[in-house]
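Chemist: what follows is a predicted protein model with its sequence.
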Amino acid sequence: NAGVTQTPKFQVLKTGQSMTLQCAQDMNHEYMSWYRQDPGMGLRLIHYSVGAGITDQGEVPNGYNVSRSTTEDFPLRLLSAAPSQTSVYFCASSSRYDRLGHQPQHFGDGTRLSIL
Amino acid sequence: LAKTTQPISMDSYEGQEVNITCSHNNIATNDYITWYQQFPSQGPRFIIQGYKTKVTNEVASLFIPADRKSSTLSLPRVSLSDTAVYYCLVGVPPSGGSYIPTFGRGTSLIVHP
């Protein structure tokens, strides 16, 4: 199993450019989410989805769009990149329960994004 | 959402037991307590989850007192590879409704030789 795959791993953008960060999972998980991680800030939730066709805002949604047309994919779109969006972005997925009754989130390895 | 408070950093030595305590005074009745570990340049990884009393797996133990206002992650006999950031989360597991897992700043554990 590949788990959660994020592409690209690194990206440099100019202010005002748009781009899409890709996230795919092969575990048939219902729940998917996007976080950003800044130095000293922990992880902050951007958007999340509880199933195909359903998305909702997290703690810091401004400047980002998401859609969930399939169970497997949950792309994150930056509409007009700003230097404040320079960060490491993590995608995560989870199912309702594992065999022990836990609901662990499975994270990708992140996309390191720099906005100049 | 229940807020969590953890020490910013901790230091230990190889072979010692490490206990990281998380305070969550406003924990709700249905909230679970979950701990994650994050190595540099990687995404967080689930360690352990519990609701009350004690939970143990092959990696760690989680102690939760009766009032559930705090929890302690215990790592037995740490090694250099346990150097990481540890996050304590409190919330209701996904159940079809809204669920916003909140990661604080975590505890940076450094294990020395």
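Modeler: Yep, that arrived. Numbers count the residues shown, from 1 in each chain, chains lettered A, B, ... in the order given.
Chemist: what is the neighbour count of A:Phe107?
Modeler: A total of 24 residues lie near A:Phe107 under the criterion other Cβ atoms under 10 Å in any protein chain shown. Just so you know, the C-beta spots here come from the backbone N, C-alpha and C atoms, and that holds for glycine as well.
Chemist: return the residues in contact with it.
Modeler: A:4, A:90-92, B:42-45 (Cβ atoms under 8 Å, 6 or more residues apart in numbering or on different chains).
Chemist: and if we set it to 6 Å?
Modeler: The contact partners of A:Phe107, by Cβ atoms under 6 Å, 6 or more residues apart in numbering or on different chains, come to A:90, A:92, B:43-44.
Chemist: what residue ranges in the chain score low on pLDDT?
Modeler: All of this refers to chain A. A:1, A:96-102 (pLDDT under 70).
Chemist: switch to chain B, please.
Modeler: Scanning chain B for pLDDT under 70 picks out the ranges B:1-2, B:92-101.
Chemist: residue of it nearest chain A, please.
Modeler: Using Cβ to the nearest Cβ, B:Gly43 is the residue of chain B that sits closest to chain A, at 2.8 Å.
Chemist: distance check, the closest residue in space to that residue that isn't next to it in sequence against B:Ala66.
Modeler: Distance criterion Cβ to Cβ, 6 or more residues apart in numbering or on different chains; nearest residue to B:Gly43, sequence neighbours excluded, is A:Phe107 at 2.8 Å. In this view, A:Phe107 and B:Ala66 are 32 Å apart by Cβ to Cβ, to the nearest Å.
Chemist: try A:Pro61
Modeler: From A:Pro61 to B:Ala66 the distance is 38 Å (Cβ to Cβ).
Chemist: quick one, which of those two is more surrounded?
Modeler: Legend: neighbour count by other Cβ under 10 Å for A:Pro61 and B:Ala66, higher for A:Pro61 (16 against 7).
Chemist: so the more buried one belongs to a strand, correct?
Modeler: No: counting by DSSP: H, G, I helix; E, B strand; the rest coil, A:Pro61 is not part of a strand but coil.
Chemist: can you read off the backbone torsions of it?
Modeler: Dihedral pair for A:Pro61: phi -90, psi -20, per degrees, to the nearest 10.
Chemist: ok, now which ones touch it?
Modeler: Going by Cβ under 6 Å, 6+ apart, A:Pro61 touches A:46-47.
Chemist: over to B:Thr21?
Modeler: Under the criterion of Cβ under 6 Å, 6+ apart, the neighbours of B:Thr21 are B:70, B:72.
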